[in-house]
Each structure stands twice: as structure tokens, then as C-alpha cells.
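1. Please work out how this folds:
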Amino acid sequence: MFINLDELGIPCFNEITMKEISKKIGERIKEAREEKGLTQKQLGEFLGYSTMGISYFEQGVREMKVTDIQKLAGYFGKDISFFLSPSLVMFRADKGTGTDGDAAKSFGDFDKFLAKRKAK
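-> Residues are numbered from 1 along each chain as shown. I've put the predicted structure just below:
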């Protein structure tokens, strides 16, 4: 996984927290939702979450599953990297074809990580 820390304004990988990453993702979710003119309720209905749940995602209070981010990417017609970062490289796909098995594994690993964090 590759992360451009300068874009995040964070000097060292060890200092990145899931909270900071979730907040950046949430900002992008809100941006895409507002760009399309949707309410939090409408987006929640699409994903199966309450209005409060969408609000928590947008604020970075809750962590969204990568599979839900993938749904958002398709729904909004955006590349998944739009949600994962404002211009960061979070993973490297195979020449833009989206067929890189490492990227799929990276998403799976991230989902497992989030599930373990929630279980604690």
C-alpha cells in the first residue's frame, strides 16, 4: 500500500491514525453526495444505513467498509481512489485496468482490519 503523506499533511506513517483516514474518506463521501444533490437520508437508503450513520461516516466518527466505498464509487461514477484520498495513492492498480490482485487483497485486508477494530 502506498500513501503520499505530504498530501495528508502528516509527517510520518507511524503518526497516521484510522481516525484521520476515516475523516478524509468522510469528507470525500460528503463532497460526492452534495455534488449529486442527495441528502444523507437518500444515501443511507442506498447503502442500508440510517441518516445518523451517514453523518458519522462523513464526520469520520465511524469507519466505512471498503465494500461500501466500492458501492459508492460505482453509484457516483467515480474511481474508488476519489474516496480513499484527495489525491493520495492508497494502492497501485495494474496500469489502471483494475485487475491487480494485490489491490483486491489490499481491500480485503483493510476490511478485516476494520472488523477486528470493531470487535475490540
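2. Please pull out the lowest mean pLDDT helix or strand from the protein.
-> Of all helical and strand segments in the chain, the minimum by mean pLDDT, DSSP states H and E falls on helix 5-8, at a mean of 53.
3. Flag every buried residue along the helix or strand that that helix is followed by.
-> Downstream of helix 5-8, the next assigned helix or strand under DSSP states H and E is helix 18-35. Using 16 or more other C-beta atoms under 10 Å as the burial criterion, the residues of helix 18-35 that qualify are I21, S22, K24, I25, G26, R28, I29, K30, E31, A32, R33. Glycine gets a C-beta too; all of them are placed from N, C-alpha and C.
4. quick check, nearest of the residues you listed to R62?
-> The closest of the buried residues of helix 18-35 to R62 turns out to be S22 (C-beta to C-beta; 7.3 Å).
5. Tell me which other helices or strands the helix or strand hosting S81 touches.
-> Assessed by DSSP H and E, S81 sits inside helix 80-84. Helix 80-84 makes packing contacts with helix 18-35, helix 66-76 when contacts are defined by 3 or more C-beta pairs under 8 Å, 6 or more residues apart in numbering; DSSP states H and E.
6. which residues does G44 contact?
-> S50, T51, G53, I54 (C-beta atoms under 8 Å, 6 or more residues apart in numbering).
7. where are the low-confidence patches of the protein?
-> 1-16, 85-108, 120 (pLDDT under 70).
8. could you redo the last one with a cut-off of 50?
-> Scanning the chain with the threshold set as pLDDT under 50 gives 1-2, 5, 10-15, 86-100.
9. among the contacts of G44, which ones are buried?
-> For these, buried by 16+ other C-beta under 10 Å: G53, I54.
10. Between the contacts of G44, which sits nearest T67?
-> For T67, the nearest member of the contacts of G44 is G53. The distance, counting by C-beta to C-beta, is 15.0 Å.
11. Distance-wise, check the residue nearest to the closest one when sequence neighbours are not counted relative to F57.
-> The spatial neighbour of G53 that comes closest, neighbours along the chain excluded (C-beta to C-beta, 6 or more residues apart in numbering), is G44 at 6.1 Å. To F57, G44 is 9 Å away according to C-beta to C-beta, to the nearest Å.
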